[in-house]
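Peer 1: Have a look at this fold, sequence not included:
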């Protein structure tokens, strides 16, 4: 029997793929204090799902387009004098509410809304697995290619400009990568938990890392442990899988924070 015929194997591979994609990107989300930006991008995914089902389109490209449009809209509002938190609050909640209203108006479409909100990793198909890993490889390759520019523009935008690097361009690269992560992660942890998977593993890796690259590698490892540990916990305790993954990541964050505090005292 092909090992991919086992739904638990597919679920584990899907979790590992999302962790691999979200980890390095999540480091930049933490460094730039963009947690709510990632959440707003994720909330737009529901609106993308509604448009895809209403127009008979593929869900993944529609979610990707909606996430990109949300990121560009927030950037445009910020450039017109709105505070970043205000723009994120308006756009994030509007997109989530509009998406849920639009989904309920699709009378001829049967949709498990909870699966999109909280994920349904146990229902991942081979095609979903190929999409997740394709997106993960794309995000990792893009992040590795732009790593020096992304890192420098994050740490010191003025120094980046002096070095010939356009911080605005690097921000657009980060926005594109975020949209891809949202599109591939929606099946695993759902819209409401994607931001947690972007933020918690990098935050947990921070006390253990001495370099940015070490933090990204640590975030990938902790994200993988969170995915597999959450999947195991959901199987053993019969709990929702997406929230179980996030709770496992939160537990790792507490442990690494305690370890970091003890190491500083020592």
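Peer 2: Good, I have the coordinates. Computed from a predicted model, the values in this text were never measured in an experiment.

Peer 1: can we go C-alpha only for contacts and neighbour counts from here?
Peer 2: Noted.

Peer 1: and the strand or helix carrying residue 246, which residues are buried?
Peer 2: Mapping residue 246 onto the secondary structure by DSSP states H and E places it in helix 241-265. Applying a neighbour-count criterion of 16 or more other C-alpha atoms under 10 Å, one finds 241-250, 252-253, 256-257, 260 buried in helix 241-265.

Peer 1: again with stretch 99-119
Peer 2: 99-100, 102-103, 115-119.

Peer 1: Please narrow the residues you listed to those residing in strands.
Peer 2: The strands in this structure, assigned by DSSP state E, contain none of the buried residues of stretch 99-119.

Peer 1: which pair in the residues you listed spans the largest distance?
Peer 2: Across the buried residues of stretch 99-119, the two members that end up farthest from each other (C-alpha to C-alpha) are 102 and 119, 19.2 Å apart.

Peer 1: Dihedrals phi and psi, residue 128?
Peer 2: Reported as degrees, to the nearest 10, the phi and psi values for residue 128 are phi -60, psi -40.

Peer 1: Please report how far it lies from residue 99.
Peer 2: The span separating residue 128 from residue 99 equals 22 Å under the rule C-alpha to C-alpha, to the nearest Å.

Peer 1: swap in residue 208?
Peer 2: As defined by C-alpha to C-alpha, residue 208 lies at a distance of 39 Å from residue 99.

Peer 1: likewise residue 260?
Peer 2: Following C-alpha to C-alpha, the distance that separates residue 260 from residue 99 is 41 Å.

Peer 1: Where does the prediction get shaky in the stretch 51-200 of the chain?
Peer 2: Counting by pLDDT under 70, the stretch 51-200 of the chain contains low-confidence ranges at 78-85, 107-111.

Peer 1: Show me the strands in it, by range?
Peer 2: Taking DSSP state E, counting those that start in this stretch, the stretch 51-200 of the chain contains no strands at all.

Peer 1: What mean pLDDT does the helix holding residue 246 get?
Peer 2: Taken as a whole, helix 241-265 has an average pLDDT of 90.

Peer 1: And for it, what's in contact with it?
Peer 2: Contacts made with helix 241-265 from outside it, assessed by C-alpha atoms under 8 Å, 6 or more residues apart in numbering, are listed as 118-122, 188-190, 193, 196-197, 200-201, 203-205, 207-208, 222-223, 225-231, 233-234.

Peer 1: Ok, stretch 137-154 next?
Peer 2: The contact list for stretch 137-154 (C-alpha under 8 Å, 6+ apart) reads 20-21, 24-25, 28, 31-32, 159-161, 165-167, 170-171, 174, 177, 180-181.

Peer 1: Quick one: buried ones out of the residues you listed?
Peer 2: When neighbours are counted using 16+ other C-alpha under 10 Å, the contacts of stretch 137-154 contain these buried positions: 20-21, 24-25, 28, 31, 160, 165-167, 170-171, 174, 177, 180-181.

Peer 1: Quickly name whichever of those is closest to residue 216.
Peer 2: Of all the buried ones among the contacts of stretch 137-154, the one with the least separation from residue 216 (C-alpha to C-alpha) is residue 24, at 4.7 Å.

Peer 1: Secondary structure class of the closest one, three-state.
Peer 2: At residue 24 the chain is in helix, as set by DSSP: H, G, I helix; E, B strand; the rest coil.

Peer 1: cool, residue 49 as well?
Peer 2: The three-state label given to residue 49 by three-state DSSP is helix.
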